[in-house]
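Colleague: I'd like to go over a predicted model; first the sequence, then the structure.
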Amino acid sequence: MREQGYWVDKPYPASALASRFTLSDAMRLRPGQFRWAAYDDPAPVSIAIDLTNQRAFVFQGQALVGIAAISSGRRGHGTPTGTFPILEKARFHRSNIYSSAPMPFMQRLTWGGIALHAGYNPGRPASHGCIRLPYGFARILFQATRVGGTVVVMRAPPLAAPSPIIEAPDLQMTAADPAHTAPLSPGRQIAVMSTDKTIAYVTATML
């Protein structure tokens with residue numbers, strides 16, 4: 001067991017956490033509202049964004065612990081779908097593209113200008129492509145995540161927590177390597193590891 005990465009006295013995952021919220025709870029939120037009830041537990045945090053319903057879902061392990069209303073990219077500036085690692089974080093950032101617009105608690109998803117950050121939430125897509133979060137939610141989420149964390153952007157509510165991204169040598173995307181500015185091409189695959197330590201492969205364009 002130890003040779004395979006498991007500890008007999010503390011198997012992985014360490015605990016089975018129960019979801020704090022339901023899909024119905026998320027759909028009842030009004031623009032600008034959020035709810036957060038994370039556990040004091042080392043389970044990894046992942047994020048799923050539902051563009052159709054303009055909602056964010058935060059998972060701790062497999063447990064849904066955070067929900068929020070969002071505002072994504074408006075027509076002509078649509079937010080891209082797919083699976084993204086958090087490339088960079090900045091507590092206070094100004095846009096390099098749109099007149100130095102403030103982007104508090106910025107978490108970068110692409111080098112082309114897409115990020116999670118606090119911003120105006122009118123209850124509909126209204127940004128230039130970024131995912132705007134309620135200010136209080138963005139602040140808490142910023143503290144809970146780390147660079148390399150997983151964010152899945154889709155057009156439907158998530159059925160389960162996103163699987164963590166494992167960087168393969170030819171797919172590494174880091175802040176120190178700005179050459180990786182283009183999204184993964186259709187059909188390319190990235191390795192992911194689920195919370196029970198099984199390996200699977202998913203296409204970067206599955207969503």
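Modeller: Yes, it's here.
Colleague: nearest residue to Arg30 other than its sequence neighbours?
Modeller: Ala69 (6.7 Å; CB to CB, 6 or more residues apart in numbering). (C-beta placed from N, C-alpha, C; glycine too.)
Colleague: repeat for Ala18
Modeller: Going by CB to CB, 6+ apart, Ala18 has Ala63 as its nearest residue, at 5.9 Å.
Colleague: Could you list which residues are in contact with Gly119?
Modeller: Residues near Gly119 by CB atoms under 8 Å, 6 or more residues apart in numbering: Ser71, Met103, Pro104, Ser127, Cys130, Arg132, Leu133, Ala138.
Colleague: how about the longest helix along the chain: buried residues?
Modeller: Longest helix in the chain, counting residues (DSSP state H): helix 135-144. Neighbour-count burial for helix 135-144 flags Tyr135, Phe137, Ala138, Ile140, Leu141, Phe142, Ala144 (criterion: 16 or more other CB atoms under 10 Å).
Colleague: for those residues, which one is nearest Thr79?
Modeller: Checking the buried residues of helix 135-144 against Thr79 by CB to CB gives Ala138 as the nearest, at 15.7 Å.
Colleague: Now tabulate the buried residues of helix 135-144 in a markdown table and tack on pLDDT and distance to Ile49.
Modeller: Converted to a markdown table, these look like this (pLDDT from 0 to 100; distance: CB to CB, whole Å):
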| residue | pLDDT | distance to Ile49 |
| --- | --- | --- |
| Tyr135 | 96 | 17 |
| Phe137 | 98 | 13 |
| Ala138 | 97 | 13 |
| Ile140 | 97 | 16 |
| Leu141 | 97 | 12 |
| Phe142 | 97 | 16 |
| Ala144 | 96 | 15 |
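Colleague: would you list those in CSV and tack on distance to Met27?
Modeller: Putting these into CSV (distance: CB to CB, whole Å) gives the following:
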residue, distance to Met27
Tyr135, 21
Phe137, 16
Ala138, 20
Ile140, 21
Leu141, 20
Phe142, 25
Ala144, 23
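Colleague: And the furthest pair within those?
Modeller: Spatially, the most separated pair among the buried residues of helix 135-144 is Tyr135 and Ala144, at 15.2 Å (CB to CB).
Colleague: if we can go back for a sec, OK, contacts around the residue nearest to Arg30?
Modeller: Residues near Ala69 by CB under 8 Å, 6+ apart: Leu29, Arg30, Pro31, Gly32, Gln33, Phe34, Gln54, Arg55, Ala56, Asn121, Gly123, Pro134.
Colleague: what do you get for Gln33?
Modeller: Ala68, Ala69, Pro134 are the contacts of Gln33 under CB under 8 Å, 6+ apart.
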